[in-house]
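Enquirer: Model the structure of this input:
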Amino acid sequence: MTYPPSGPALREPGPDLSSAPAPVTVPAQRRGAPSVAVERLRAAATTEPGRLQIIGAALALLVVVFGAVTVLEVSGRASSAADVVTRSQPLSADAASIYRSLADADTMAASGFLAGAQEPKDVHEQYEKDIKEASRLLVKAAGSTDTSSSSHQEITTLGELLPEYTGLIERARANNRQGLPLGGAYLRYANQKMTNEILPAAERLYTAETHRLGTDSADARRWPFLSLAAGLVALAALVWMQRRNYRRTNRVFNHGLLAATAAATVVLLWLAVGHTVARAELHGAMVNGQQSLDVLNKARINSLKARANENLTLVARGAVLTPDGTKDQYETDYGTGMKALGAQLASAAKLAGDDSTGRAPVDAAATSVTEWQDRHKKARETDDQGDYDSALSQIIGPENSTGESFDEVDDALELALAHEQDQFDSAAADGRGALGGLPAGAAVLAVLGAVAAIVGVNRRLSEYR
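Expert: A predicted model of the protein is given here:
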């Protein structure tokens, strides 16, 4: 029997591993920062101190986010509320004044022409005042509107047409002083330019500015849903943390967490109550103020148009007929305007409701309108009988004339407009004030709440040291 030689055991040949490279370990700093952060967060979450640190950071972040979202949302709504008070409504009121001044200027021009070659001084002065006021407000409005907006385009149109109108009126006066019939033709042409071009542009300007007012008011009244949701989440998280703390330590209060909860609660309640008040006041300003102003402005403009048409009926003496050739155009327009005026006064009385101070001038205007229509009917009958001088006296005379009734209507509407403007200003200012200090207050309380949350959690962490 043959035996293997003694010595180390024989091995089968294989690869030489003595020179193989050692396994490479990737250093932590070479890995992506997100993955490292996730690993550390995971490691921290396995211990109670680590979990407390994570919770504290999350609570502080939630409170800060709540404050930041509140500041952003409420600042936008506060800015819109400020625009309502300082920009939109004043521009709407100026547009209405432009419209009214132009209509009144046309009325004064017709009244002065009817009076004869020597135009009454007070009538001429009122005409000049109306033109200057309209021009001043157009310049003011041009400086407050965007050049690309429809409002600016209407302002440009009015600026171009107004000198043409005043030129026609001056020609009418010059011819009237010389007793030339051509003066009536110039006056009618001026009235057509006012009725068909200038007043429609003024009405479009008023409509555009009133629409912008409505948009700003609606923006200011939008609910801050993101802020409310963020507040509820932050508050729920703080309450949950206090409950967790109580269940683990049997301690009822943690002063830091309690202070953070109080700060979040104050901001949330301030936000909800302040915005509710602002919404209610701004809504009241639009419903009780602006809607009434809109109706009253249109009523006053219709009364001015009716008065101008009434005067022009005598100036034209039947020379301008309706398209079917059967009726006097100015008399027809007068009737249409008075019908619209009556409907608008009824709407204004309904909007005034139980407000006796606001309703009294509206009722007085309605009474004067009825008297005006009765006197107009008698004046038309007199003119139809061929007594022009008596009809003229019944229209522009100092006593018992339609002019006297018109003045009473105009004065009453001016009082009603002043009252409704005061109502709007008061309610809109209260709505703006309800949001006034909220953005700054929310920012300060959010920072204090976040700091308090961290202090409260650190107080719990100190027990592990």
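Enquirer: how many other residues sit next to residue 361?
Expert: Other residues within reach of residue 361 by the criterion other Cβ atoms under 10 Å amount to 22. (Each C-beta comes from the backbone N, C-alpha and C, glycine too.)
Enquirer: so how far is residue 409 from it?
Expert: Taking Cβ to Cβ, to the nearest Å as the measure, residue 361 falls 10 Å from residue 409.
Enquirer: And residue 451, what's its pLDDT?
Expert: If you check residue 451, the pLDDT there is 93.
Enquirer: List the contacts of it.
Expert: residue 60 (Cβ atoms under 8 Å, 6 or more residues apart in numbering).
Enquirer: swap the cut-off to 10 Å and go again
Expert: Listed by Cβ atoms under 10 Å, 6 or more residues apart in numbering, the contact partners of residue 451 are 60, 63-64, 256, 259-260, 263.
Enquirer: Please apply the same query to residue 127.
Expert: Applying Cβ under 10 Å, 6+ apart, the residues contacting residue 127 are 104-112, 119, 166, 169, 173.
Enquirer: Hmm, residue 95 and residue 155 touching each other?
Expert: Yes - the pair residue 155 / residue 95 is scored as a contact, 9.3 Å apart, by Cβ atoms under 10 Å.
Enquirer: Quickly list what's touching both of the two.
Expert: By Cβ under 10 Å, 6+ apart, residue 155 and residue 95 have these common neighbours: 137-138, 141, 202, 205.
Enquirer: Can I get the residues you listed in CSV including distance to residue 318?
Expert: Written out in CSV, the entries for the shared contacts of residue 155 and residue 95 read as follows (distance: Cβ to Cβ, whole Å):
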residue, distance to residue 318
137, 37
138, 36
141, 39
202, 29
205, 34
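Enquirer: Quick check: pLDDT value at residue 3.
Expert: Note for residue 3: predicted pLDDT of 46.
Enquirer: And for residue 437?
Expert: Confidence per residue is given as pLDDT, and for residue 437 that number is 90.
Enquirer: got the phi/psi numbers for it?
Expert: Backbone torsions for residue 437, taken as degrees, to the nearest 10, come to phi -90, psi 0.
Enquirer: which helix is the longest one in the chain?
Expert: Longest helix in the chain by number of residues, with DSSP state H as the criterion: helix 48-83.
Enquirer: Could you identify the helix or strand that succeeds it?
Expert: Moving toward the C-terminus from helix 48-83, the first helix or strand encountered (DSSP states H and E) is helix 89-114.
Enquirer: Output the contacting helices and strands for that following helix.
Expert: helix 121-142, helix 150-177, helix 182-193, helix 199-221, helix 291-316, helix 388-396, helix 402-434 (3 or more Cβ pairs under 10 Å, 6 or more residues apart in numbering; DSSP states H and E).
Enquirer: Buried residues, stretch 345-356. List them.
Expert: Buried residues in stretch 345-356, counting neighbours by 16 or more other Cβ atoms under 10 Å, are found at 345, 347-349, 351-352.
Enquirer: residues in contact with it?
Expert: Residues from elsewhere that reach stretch 345-356 (Cβ under 10 Å, 6+ apart): 287-289, 291-296, 298-299, 302-303, 358-363, 365-369, 409, 412-413, 416-417, 419-420, 423.
Enquirer: Quick one: distance of that stretch to the chain centre.
Expert: Remark: stretch 345-356 is offset 23 Å from the chain centroid, using Cα atoms, centre = their mean, to the nearest Å.
Enquirer: which regions of the stretch 351-465 of the chain lie under the pLDDT threshold?
Expert: Residues of the stretch 351-465 of the chain that meet the criterion pLDDT under 70 lie in 463-465.
Enquirer: got the buried residues for stretch 188-195?
Expert: 188, 190-191, 193-195.
Enquirer: out of the contacts of residue 451, which is most surrounded?
Expert: Greatest neighbour count in the contacts of residue 451, by other Cβ under 10 Å, goes to residue 260: 33 neighbours.
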